[in-house]
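Trainee: Prediction below, plus the sequence it came from.
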Amino acid sequence: MTGEFDPWVGRVEEAADRISPRQARQMAATLDVAGDYADGAPLPALWHWMGWTPLAAMGELGPDGHPARGGFLPPVPLPRRMWAGGRLRFHAPLRIGEEMARRSEIVKVSEKTGTTGRMVFVTVAHRVHGAAGLAIEEEQDIVFIEMPERFTPPPPVAAPAAEWSARVVVDEVRLFRFSALTFNAHRIHFDLPYATGVEKYPGLVVHGPLQAMLLMEAARARRGSAMPAGYRFRGVRPAFHFDALSLQGAGEGLATVNGDGLVCMQADVAWEG
């Protein structure tokens, strides 16, 4: 497939949206964080992910619940799709209720072969502007792979030494609420027969963005709710709804860790000053 998706590199999509106080309060309830989140209040870091949700009609969805490919994203003929990681720089605050403009561009499409077979990586760069100007620069890495015949976990990564740790529940209810708030219809997060029977996971998959947001909120709580300067995260191992998941941190390093002491997501947060 070398060069097959070159025409998609440089493709741009622009959109505008607002996060309402109600949405912010629903996300706060889902993440178990306190606050009023009134109109005009600062929007916590990463909560912009509630914006620009897919508007595909039911007939425009693929069998996995995602919008069918071939619009903005290239029509990669590999059935399993995952948000593998991302990198963000925070420049200015966004505020609840204000209009946010996002410009998205496909900056890279690459292919390689891994233990699961063929893999196609798509990197999308976003620039988000609010009333104060450029607020966020972000890159998202999306990976497409073959559908496996059985679940084969990736090589284990043992959890590093932690300065703090907190248990977090990632059951079916939290996964449903997060899917609803982000209008994410990917069936691996709420449809257990599909997740186990079609995609061969042992359970419902905990969203990568949910893990990233839980880690961010835990880190911010230890900094007096400060806003970060930068953040990066990478999925290492799937986390499932039955996992005894913990949030852990040491310095700027963060991780979600399952009950077996294995890292599911690695993250790093940078602070101003």
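Mentor: Nice, thanks for sending it over.

Trainee: got the contact list for the residue nearest to G261 when sequence neighbours are not counted?
Mentor: Distances taken as C-beta to C-beta, 6 or more residues apart in numbering put A159 closest to G261, at 5.1 Å, once the chain neighbours are dropped. All C-beta spots, glycine's among them, are computed from the backbone N, C-alpha and C. With contact taken as C-beta atoms under 8 Å, 6 or more residues apart in numbering, A159 is in contact with Q248, A255, V257, G261, L262, V263.

Trainee: Those residues: which two are farthest apart?
Mentor: Using C-beta to C-beta, the two most remote members of those are Q248 and L262, lying 11.7 Å apart.

Trainee: so where is the stretch 1-150 of the chain shaky, pLDDT-wise?
Mentor: 1-2, 70, 116 (pLDDT under 70).

Trainee: the strands in it, which residues?
Mentor: 12-17, 80-90, 100-114, 117-130, 133-145 (DSSP state E, counting those that start in this stretch).

Trainee: Show me the one of the ones you listed that comes nearest F176.
Mentor: Taking the strands of the stretch 1-150 of the chain one by one with C-beta to C-beta, strand 80-90 is closest: 18.1 Å.

Trainee: strands paired with the closest one, and their directions?
Mentor: The pairing partners recorded for strand 80-90 under DSSP bridges are strand 133-145 (antiparallel), strand 228-235 (antiparallel).

Trainee: Check the offset of the shortest one from the chain's centre.
Mentor: With C-alpha atoms, centre = their mean, to the nearest Å as the basis, the distance from the averaged C-alpha position of strand 228-235 to the chain average is 11 Å.

Trainee: same deal with the longest one?
Mentor: In this view, strand 133-145 has its centroid 10 Å away from the chain centroid, taken as C-alpha atoms, centre = their mean.

Trainee: One more: stretch 222-239?
Mentor: Distance, centroid of stretch 222-239 to centroid of chain: 11 Å (C-alpha atoms, centre = their mean).
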